[in-house]
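> With the sequence up front, the predicted model follows.
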Amino acid sequence: MFKRMSRWLIPLVIGGVLGTGVGFAAGLFVFPIIFPPPAANEQVANVDQQTLVAMATFIQANPSDPVHYGKGAAMIFRDRAGATLVHLSDDFEVGPGPKFHVYLVDHAAVRGAGDVNNNKWVDLGQLRAFEGSQNYPVPSDVNLADYKSVVIWCKTFGVLISPATIEPAA
């Protein structure tokens, strides 16, 4: 009796475990696509009291990868008190995915995950929307001159989504 039961019970249990795992992994990808957060619309407060320090333009690091892309501008402002802010502009957009974060990386011209993993970086926080303007304060102990890129990074899978090389404002 036990032999007959084990013939169908073991594959059933293994199939259930594998199916649950595959379903969960697929959900990580599908959920943000089906239910994307609304576009952000954060403006820079007291913009007339801010100094534009630098700018960056997001690119698609790997043109043959249609899933991981980004476009739009990032502007870096400093106020009179010395506080620094990274502002993703209205034209900012990335492809959807799980747990995207905004990083400052001390490497210019980031083009792959190794350019982030093998260098110093600062996590400014989780991306709040896949498109639209957003603000990310830079911690006061971070020297902006040490960082050369703003990067959108998938923390879940350790994948570069979109880099932007920081250029001083003219």
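Now that the structure is in, tell me what you want to look at. Worth saying up front: this structure is predicted, and the values here are computed from it rather than measured.
> Gln60 against Tyr69, yeah?
Yes: if you go by Cβ atoms under 8 Å, Gln60 and Tyr69 touch, sitting 4.3 Å apart. C-betas here are computed from N, CA, C, even on glycine.
> okay, and the common contacts of the two?
Ser162 (Cβ atoms under 8 Å, 6 or more residues apart in numbering).
> From Gly15, how far off is Gly95?
32 Å (Cβ to Cβ, to the nearest Å).
> Which segments of the chain make up each domain?
1-35, 40-168 (automatic domain parsing).
> A helix includes Gln43, no?
No: read with DSSP: H, G, I helix; E, B strand; the rest coil, Gln43 is coil and lies in no helix.
> tell me the contacts of the closest residue to it other than its chain neighbours?
Once flanking residues are discounted, Gln43 sits nearest to Ser133: 6.6 Å by Cβ to Cβ, 6 or more residues apart in numbering. Applying Cβ under 8 Å, 6+ apart to Ser133 gives the contacts 40-43, 87-90, 92.
> show me what contacts the closest residue to Gln126 other than its chain neighbours?
The shortest distance from Gln126 to any non-neighbouring residue, by Cβ to Cβ, 6+ apart, is to His101 (5.4 Å). If you count contacts by Cβ under 8 Å, 6+ apart, His101 has them with 123-127, 152-155.
> gap between Leu18 and Trp8?
Leu18 is 16 Å from Trp8, by Cβ to Cβ.
> A helix includes the residue nearest to Gln43, no?
No: Ser133: not assigned to a helix; according to three-state DSSP it is strand.
> on that earlier part again, now, of the contacts of Ser133, which are buried?
Those of the contacts of Ser133 that meet the buried threshold are 40, 87-90, 92, by 16 or more other Cβ atoms under 10 Å.
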